[in-house]
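# Test case, fold it:
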Amino acid sequence: AIALPFYTLNMFSFSIMNGFAKYKFLMVINIIGQIMGLCVTLLLIWQDNIDGALVSVVISPSLIFLITVVGIVNRRNFLKHLKVSNIDFDILKKLGPFALMAIVSGFALPLVMIGIRNYIISVEGMEAAGFWEAMNRISVYYLMFVNSIMTLYFLPRFQEIDNIKEFRAEVFDFYKTMIPVFAMGLLVIYLMRTFIIAIFLTDEFARVEDLFGWQLLGDLVKVLAIVIAYQFIAKKMFVHFIITELFLVFMLYATSVYFVDLYGVKGANIAHFVSYILYYIMILIIFGSSLFGILPDADEDKER
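From the prediction side, this is the model:
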């Protein structure tokens, strides 16, 4: 309850700076905040073990927000734009569909993840659910870098693009430049999985090693799909977003139940891979003409 308002204000501040295309400033603030948050977390864990870790959950978002505020205040040319009088309520009304998309995404995916965890507990036991949860947490951390790039660059960039040619160029440029680097990073993570578990977890989590392969493959496909799916948000394709999001969460739960019954806890990670393959196929079908079709003339393209 204490941490959430600071976390929200920090995200709000980041969104404003993102709107002004302050990418370099955002990255510097984010790096400083994450490093300081990590240092505080490690210090509190060293001082007070699990209680220190819980306290750091409250302190870290507050600390990052304070760094963001200091950064904004020190940029006078930027601060003058942040006035209540500058708020346009007509534009706020137009943001309604974006808010609804965020609500659907913010509720549906966490709820289905809880459902999957509860199913693993009922079939495989609490310990197995802990292995699956540990793998998810590791996944969240290494995906943070790619998610930051997509949020800070691709969303505003897709909003600027008004023709198919540029959209296609951006997607394939990302595939050619970032995906090979990301894939190599995932390979390194897979090869070092024993070392990673030894550093971040305990010996009791040794079975998590078996979950890495399917999780990493699923995350690779997830990134391939999401970079295209950002077009839903950028172009306010509300219906498409809701349909694909609900399809994804339904497939995540249905395939998890199916594969957990077959393969135990590893089945949930197999389901992660299978679900995102199906989601990616759906995204490619929707944007097939934009990505692979014949490019129209410039005037016709702009009309689209």
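# So which elements touch the lengthiest helix in the chain?
The longest helix of the chain (DSSP state H) is helix 23-73. The contact analysis (3 or more CB pairs under 8 Å, 6 or more residues apart in numbering; DSSP states H and E) places helix 23-73 against helix 3-19, helix 76-79. In short, each C-beta sits where N, CA and C put it, glycine included.
# now the first one, how far from the chain's geometric center?
Think helix 3-19. 16 Å (CA atoms, centre = their mean, to the nearest Å).
# So which bits of it are buried?
For helix 3-19, a neighbour-count test (16 or more other CB atoms under 10 Å) marks Phe6, Tyr7, Asn10, Ser13, Phe14, Met17, Asn18 as buried.
# where does the stretch 201-304 of the chain have low pLDDT?
293, 295-304 (pLDDT under 70).
# Check the gap between Met17 and Asp51 for me.
Relative to Asp51, Met17 is positioned 34 Å away (CB to CB, to the nearest Å).
# again, but for Val171
46 Å.
# Please enumerate the strands of this protein.
With DSSP state E, there are no strands along the chain.
# neighbours of Ile164, just the number please.
20 (other CB atoms under 10 Å).
# should've said Lys165
13.
# what residues are up against the spatially most central residue of the chain?
Central residue of the chain (CA atoms, centre = their mean): Asn147, 4.7 Å from the mean position. Shown in contact with Asn147 (CB atoms under 8 Å, 6 or more residues apart in numbering): no residues.
# Let's see that with 10 Å instead.
Val140, Val223, Ile226 (CB atoms under 10 Å, 6 or more residues apart in numbering).
# out of those residues, who's nearest Ile199?
Val140 (16.3 Å; CB to CB).
# per-residue confidence for the closest one?
Here the pLDDT value assigned to Val140 is 87.
# ok, so what distance separates it from Ser290?
When Val140 is compared with Ser290 (using CB to CB), they lie 30 Å apart.
# More neighbours: these two, which one.
Ser290 (17 against 11).
# before we move on, the earlier item: okay, Val171 and Asp51: which has more neighbours?
Val171 (20 against 11).
# Do I have it right that the more buried one meets Ala234?
No - in this structure, Val171 is not within contact of Ala234 by CB atoms under 10 Å, at 12.0 Å.
# sorry, back to before: possible to save the buried residues of helix 3-19 as a markdown table with distance to Lys165?
Formatted as a markdown table, these follow (distance: CB to CB, whole Å):
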| residue | distance to Lys165 |
| --- | --- |
| Phe6 | 42 |
| Tyr7 | 39 |
| Asn10 | 36 |
| Ser13 | 34 |
| Phe14 | 30 |
| Met17 | 29 |
| Asn18 | 25 |
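# Would you format the residues you listed as CSV with pLDDT included?
Compiled in CSV, those are given as follows (pLDDT from 0 to 100):
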residue, pLDDT
Phe6, 79
Tyr7, 78
Asn10, 79
Ser13, 77
Phe14, 76
Met17, 73
Asn18, 72
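# between those, which is nearest Glu204?
Looking across the buried residues of helix 3-19 and measuring by CB to CB, the closest to Glu204 is Tyr7, at 30.5 Å.
# Leaving out sequence neighbours, find the closest residue to that closest one.
Pro61 (3.9 Å; CB to CB, 6 or more residues apart in numbering).
# Identify the residues contacting the one you found.
Ile2, Ala3, Leu4, Pro5, Phe6, Tyr7, Thr8, Leu9, Asn10, Met11, Gly33, Gly37.
# Then Asn18?
Per CB under 10 Å, 6+ apart, neighbours of Asn18: Met11, Leu26, Thr151, Leu152, Tyr153, Leu155, Pro156.
# What is the burial count for the nearest residue to the fifth one once chain neighbours are set aside?
Nearest residue to Tyr153, sequence neighbours excluded (CB to CB, 6+ apart): Tyr23, at 6.8 Å. Taking other CB under 10 Å as the neighbour definition, Tyr23 ends up with a count of 14.
# Spit out the contact partners of Tyr23.
Met17, Ile149, Leu152, Tyr153, Pro156.
# what's the most distant pair in those residues?
Across the contacts of Tyr23 (CB to CB), the longest gap, 15.5 Å, separates Met17 and Ile149.
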